[in-house]
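Novice: Any chance you can model this:
(one chain, ligands or ions: 1)
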Amino acid sequence: MDEVTLMLRPEMPGDAEAVASVHRAAFPVPEGADEPMEVGLVAALRDGGHLLEGVTLVAEVDDRVVGHVACSRGWVGSGSAGGVPAVGIGPIGVLPAVQGRGVGAALMTTVTRLATDAGETLLALLGDPAWYARFGYVTSTDVGVEAPDPAWGVHFQVRPLVPDHPTGRFHYAPPF
Ligand SMILES: CC(C)(COP(=O)(O)OP(=O)(O)OC[C@H]1O[C@@H](n2cnc3c(N)ncnc32)[C@H](O)[C@@H]1OP(=O)(O)O)[C@@H](O)C(=O)NCCC(=O)NCCS
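Specialist: Model prediction:
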(Lines give C-alpha, C1' and ligand atoms only; values in the text may rest on other atoms or scores of the structure.)
Protein backbone atom coordinates (compact mmCIF):
# COMPACT_ATOMS: atom_id res chain seq x y z
CA MET A 1 0.00 0.00 0.00
CA ASP A 2 1.32 3.42 -0.91
CA GLU A 3 0.88 5.13 2.44
CA VAL A 4 0.33 8.51 0.79
CA THR A 5 -2.93 7.35 -0.79
CA LEU A 6 -4.51 5.81 2.33
CA MET A 7 -6.74 8.24 4.18
CA LEU A 8 -8.91 7.60 7.22
CA ARG A 9 -11.76 9.92 8.10
CA PRO A 10 -15.05 9.83 10.01
CA GLU A 11 -18.00 8.37 8.13
CA MET A 12 -20.20 11.06 6.60
CA PRO A 13 -23.88 10.92 5.51
CA GLY A 14 -23.01 10.34 1.84
CA ASP A 15 -20.91 7.25 2.59
CA ALA A 16 -23.73 4.80 3.31
CA GLU A 17 -23.81 3.08 -0.08
CA ALA A 18 -20.02 2.81 -0.41
CA VAL A 19 -19.82 1.43 3.12
CA ALA A 20 -22.49 -1.16 2.31
CA SER A 21 -20.46 -2.20 -0.75
CA VAL A 22 -17.40 -2.78 1.41
CA HIS A 23 -19.21 -5.07 3.86
CA ARG A 24 -21.06 -6.79 1.00
CA ALA A 25 -17.70 -7.73 -0.51
CA ALA A 26 -15.85 -8.44 2.75
CA PHE A 27 -18.27 -10.79 4.51
CA PRO A 28 -19.81 -14.10 3.45
CA VAL A 29 -23.47 -14.43 2.55
CA PRO A 30 -25.24 -16.81 4.96
CA GLU A 31 -27.04 -19.70 3.33
CA GLY A 32 -30.49 -18.63 2.20
CA ALA A 33 -29.74 -14.91 2.59
CA ASP A 34 -29.32 -12.24 -0.08
CA GLU A 35 -26.36 -10.51 1.44
CA PRO A 36 -24.06 -10.60 4.45
CA MET A 37 -25.88 -9.82 7.69
CA GLU A 38 -23.24 -7.13 8.39
CA VAL A 39 -24.72 -4.96 5.60
CA GLY A 40 -28.10 -4.76 7.31
CA LEU A 41 -26.54 -4.46 10.75
CA VAL A 42 -24.54 -1.37 9.81
CA ALA A 43 -27.61 0.20 8.17
CA ALA A 44 -29.73 -0.51 11.25
CA LEU A 45 -27.08 0.97 13.54
CA ARG A 46 -26.91 4.08 11.37
CA ASP A 47 -30.68 4.45 10.94
CA GLY A 48 -31.23 3.97 14.66
CA GLY A 49 -28.74 6.68 15.55
CA HIS A 50 -26.46 4.20 17.32
CA LEU A 51 -23.26 4.90 15.35
CA LEU A 52 -20.76 7.09 17.17
CA GLU A 53 -19.98 10.09 14.99
CA GLY A 54 -16.33 10.96 14.67
CA VAL A 55 -15.19 7.48 15.69
CA THR A 56 -16.98 5.41 13.04
CA LEU A 57 -14.42 5.56 10.24
CA VAL A 58 -13.97 4.95 6.55
CA ALA A 59 -10.65 4.23 4.86
CA GLU A 60 -10.14 5.68 1.40
CA VAL A 61 -7.60 4.95 -1.28
CA ASP A 62 -7.60 7.43 -4.14
CA ASP A 63 -10.97 8.79 -2.96
CA ARG A 64 -12.55 5.34 -3.02
CA VAL A 65 -13.94 3.85 0.19
CA VAL A 66 -12.07 0.56 0.75
CA GLY A 67 -12.65 -0.03 4.46
CA HIS A 68 -15.03 0.77 7.28
CA VAL A 69 -15.30 0.24 11.00
CA ALA A 70 -18.56 0.82 12.85
CA CYS A 71 -18.48 2.07 16.43
CA SER A 72 -21.74 2.09 18.33
CA ARG A 73 -22.88 3.03 21.80
CA GLY A 74 -22.97 0.14 24.18
CA TRP A 75 -23.13 -0.12 27.94
CA VAL A 76 -21.45 -2.05 30.71
CA GLY A 77 -23.56 -2.99 33.69
CA SER A 78 -27.31 -2.90 33.87
CA GLY A 79 -28.13 -2.19 30.22
CA SER A 80 -29.12 1.01 28.45
CA ALA A 81 -31.31 2.04 31.36
CA GLY A 82 -28.46 2.37 33.78
CA GLY A 83 -25.22 0.94 32.46
CA VAL A 84 -21.98 2.84 32.01
CA PRO A 85 -21.43 3.94 28.39
CA ALA A 86 -18.86 1.96 26.41
CA VAL A 87 -18.15 1.34 22.72
CA GLY A 88 -19.11 -1.65 20.59
CA ILE A 89 -16.62 -2.12 17.75
CA GLY A 90 -17.71 -3.71 14.50
CA PRO A 91 -18.41 -4.74 11.97
CA ILE A 92 -15.02 -3.93 10.44
CA GLY A 93 -14.48 -4.76 6.79
CA VAL A 94 -11.92 -4.11 4.08
CA LEU A 95 -12.42 -4.77 0.37
CA PRO A 96 -10.85 -8.15 -0.45
CA ALA A 97 -8.63 -6.61 -3.13
CA VAL A 98 -6.81 -4.47 -0.56
CA GLN A 99 -6.83 -6.80 2.44
CA GLY A 100 -3.49 -7.64 4.00
CA ARG A 101 -1.96 -4.22 3.34
CA GLY A 102 -2.51 -2.56 6.68
CA VAL A 103 -5.90 -0.89 6.13
CA GLY A 104 -7.61 -2.90 8.87
CA ALA A 105 -4.78 -2.24 11.32
CA ALA A 106 -4.91 1.48 10.53
CA LEU A 107 -8.66 1.51 11.22
CA MET A 108 -8.23 -0.33 14.52
CA THR A 109 -5.40 1.83 15.85
CA THR A 110 -7.10 5.06 14.80
CA VAL A 111 -10.37 4.05 16.46
CA THR A 112 -8.48 3.38 19.68
CA ARG A 113 -6.84 6.80 19.58
CA LEU A 114 -10.01 8.72 18.70
CA ALA A 115 -12.11 6.90 21.30
CA THR A 116 -9.49 7.60 23.95
CA ASP A 117 -9.43 11.28 22.97
CA ALA A 118 -13.25 11.32 23.17
CA GLY A 119 -13.11 10.16 26.79
CA GLU A 120 -14.39 6.63 26.18
CA THR A 121 -13.29 4.06 28.74
CA LEU A 122 -13.72 0.69 27.05
CA LEU A 123 -13.99 -0.85 23.57
CA ALA A 124 -15.58 -4.27 23.06
CA LEU A 125 -15.89 -6.62 20.10
CA LEU A 126 -16.62 -10.15 18.98
CA GLY A 127 -13.83 -11.52 16.84
CA ASP A 128 -10.72 -13.61 16.39
CA PRO A 129 -8.28 -13.09 19.30
CA ALA A 130 -5.42 -13.93 16.92
CA TRP A 131 -6.01 -10.64 15.10
CA TYR A 132 -7.25 -8.30 17.81
CA ALA A 133 -4.64 -9.07 20.50
CA ARG A 134 -2.15 -6.92 18.60
CA PHE A 135 -4.35 -3.88 19.26
CA GLY A 136 -4.44 -4.45 23.02
CA TYR A 137 -7.65 -6.49 23.21
CA VAL A 138 -7.90 -9.13 25.92
CA THR A 139 -10.45 -11.78 26.84
CA SER A 140 -13.23 -9.73 28.42
CA THR A 141 -13.52 -11.81 31.57
CA ASP A 142 -9.81 -11.26 32.31
CA VAL A 143 -10.70 -7.63 33.12
CA GLY A 144 -14.12 -8.16 34.67
CA VAL A 145 -16.37 -7.70 31.63
CA GLU A 146 -18.92 -10.38 30.71
CA ALA A 147 -20.04 -11.04 27.14
CA PRO A 148 -23.70 -10.50 26.21
CA ASP A 149 -23.67 -14.25 25.58
CA PRO A 150 -21.22 -16.18 27.82
CA ALA A 151 -20.93 -18.83 25.10
CA TRP A 152 -18.81 -16.38 23.08
CA GLY A 153 -15.91 -17.18 25.41
CA VAL A 154 -12.50 -15.90 24.29
CA HIS A 155 -14.02 -14.37 21.16
CA PHE A 156 -15.55 -11.55 23.16
CA GLN A 157 -12.70 -9.17 23.78
CA VAL A 158 -12.29 -5.74 25.26
CA ARG A 159 -9.73 -2.99 25.03
CA PRO A 160 -9.69 -0.99 28.28
CA LEU A 161 -8.79 2.64 27.65
CA VAL A 162 -8.46 3.72 31.28
CA PRO A 163 -7.46 1.83 34.45
CA ASP A 164 -10.84 2.34 36.13
CA HIS A 165 -12.97 1.12 33.23
CA PRO A 166 -16.45 -0.22 33.97
CA THR A 167 -16.98 -3.89 34.78
CA GLY A 168 -20.02 -6.12 34.47
CA ARG A 169 -22.03 -7.42 31.54
CA PHE A 170 -21.60 -5.68 28.18
CA HIS A 171 -24.74 -4.69 26.25
CA TYR A 172 -24.65 -3.86 22.56
CA ALA A 173 -26.97 -1.39 20.86
CA PRO A 174 -30.37 -2.98 20.07
CA PRO A 175 -29.67 -3.79 16.37
CA PHE A 176 -27.12 -6.40 17.41
C1 LIG B 1 -10.24 -8.53 9.19
C2 LIG B 1 -9.95 -7.40 8.18
C3 LIG B 1 -10.82 -6.19 8.51
C4 LIG B 1 -8.49 -7.01 8.32
O5 LIG B 1 -8.22 -5.96 7.40
P6 LIG B 1 -6.85 -5.97 6.59
O7 LIG B 1 -6.73 -4.65 5.92
O8 LIG B 1 -6.80 -7.17 5.76
O9 LIG B 1 -5.82 -6.09 7.81
P10 LIG B 1 -4.30 -5.70 7.86
O11 LIG B 1 -3.72 -5.69 6.48
O12 LIG B 1 -4.11 -4.49 8.66
O13 LIG B 1 -3.71 -6.90 8.71
C14 LIG B 1 -3.58 -8.12 8.08
C15 LIG B 1 -3.09 -9.10 9.13
O16 LIG B 1 -4.21 -9.54 9.90
C17 LIG B 1 -4.33 -10.94 9.78
N18 LIG B 1 -5.74 -11.28 9.84
C19 LIG B 1 -6.75 -10.77 9.12
N20 LIG B 1 -7.91 -11.34 9.50
C21 LIG B 1 -7.62 -12.22 10.47
C22 LIG B 1 -8.39 -13.12 11.24
N23 LIG B 1 -9.72 -13.23 11.11
N24 LIG B 1 -7.73 -13.89 12.13
C25 LIG B 1 -6.40 -13.79 12.32
N26 LIG B 1 -5.63 -12.95 11.61
C27 LIG B 1 -6.23 -12.18 10.69
C28 LIG B 1 -3.68 -11.26 8.47
O29 LIG B 1 -3.26 -12.60 8.45
C30 LIG B 1 -2.50 -10.32 8.52
O31 LIG B 1 -1.52 -10.81 9.39
P32 LIG B 1 0.02 -10.33 9.34
O33 LIG B 1 0.02 -8.85 9.57
O34 LIG B 1 0.67 -11.09 10.44
O35 LIG B 1 0.47 -10.68 7.98
C36 LIG B 1 -10.21 -7.85 6.72
O37 LIG B 1 -9.40 -8.96 6.45
C38 LIG B 1 -11.65 -8.19 6.42
O39 LIG B 1 -12.42 -7.32 6.00
N40 LIG B 1 -12.02 -9.46 6.57
C41 LIG B 1 -13.38 -9.91 6.27
C42 LIG B 1 -14.37 -9.36 7.26
C43 LIG B 1 -14.02 -9.77 8.68
O44 LIG B 1 -13.75 -10.94 8.96
N45 LIG B 1 -14.04 -8.78 9.60
C46 LIG B 1 -13.67 -9.00 10.99
C47 LIG B 1 -14.77 -9.58 11.79
S48 LIG B 1 -15.94 -8.33 12.32
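
Novice: Do the lengthiest helix in the chain and the ligand come into contact?
Specialist: For the chain, the helix reaching the highest residue count under DSSP state H is reported as helix 103-117. Yes. Shown here: helix 103-117 in contact with the ligand (CB under 6 Å from any ligand atom) through 103-105. Using the backbone N, CA and C atoms, a C-beta is placed for each residue, glycine as well.

Novice: Could you do stretch 145-160 as well?
Specialist: No. Using CB under 6 Å from any ligand atom as the criterion, no contacts between stretch 145-160 and the ligand are found, and the smallest distance is 10.0 Å.

Novice: For stretch 96-103, buried residues please.
Specialist: Buried residues in stretch 96-103, counted by 16 or more other CB atoms under 10 Å: 98, 101, 103.

Novice: which one of the residues you listed is nearest Glu60?
Specialist: Set against Glu60, the nearest of those by CB to CB is Val103 (9.7 Å).

Novice: Could you check how far that closest one is from His50?
Specialist: Val103 sits 24 Å away from His50, taking CB to CB, to the nearest Å as the criterion.

Novice: re earlier: distance to Val65 and pLDDT for the buried residues of stretch 96-103 - can I get that in CSV?
Specialist: Compiled in CSV, these are given as follows (distance: CB to CB, whole Å; pLDDT from 0 to 100):
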residue, distance to Val65, pLDDT
Val98, 11, 94
Arg101, 15, 93
Val103, 11, 96
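
Novice: My read is that Trp75 contacts Val87, right?
Specialist: No. Proximity of Trp75 to Val87 does not meet the contact threshold set by CB atoms under 8 Å, at 10.1 Å.

Novice: Neighbour count for these two, which is higher?
Specialist: Val87 (24 against 21; other CB atoms under 10 Å).

Novice: Pull the distance from whatever helix or strand that one lives in to the chain's centre.
Specialist: With elements delineated by DSSP states H and E, Val87 resides in strand 84-94, which encompasses its position. Between the centre of strand 84-94 and the centre of its host chain there is 3 Å, according to CA atoms, centre = their mean, to the nearest Å.

Novice: Parallel or antiparallel, list what pairs with that strand.
Specialist: Within its sheet, and counting by DSSP bridges, strand 84-94 is paired with strand 64-76 (antiparallel), strand 122-126 (parallel).

Novice: now these in CSV, with distance to the ligand and mean pLDDT?
Specialist: What follows is these, written out as CSV (distance: least, CB to the nearest ligand atom, whole Å; pLDDT from 0 to 100):
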stretch, distance to the ligand, mean pLDDT
strand 64-76, 6, 97
strand 122-126, 7, 98
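
Novice: now for those, which one comes closest to Asp15?
Specialist: Among those, the nearest to Asp15 by CB to CB is strand 64-76 (6.2 Å).
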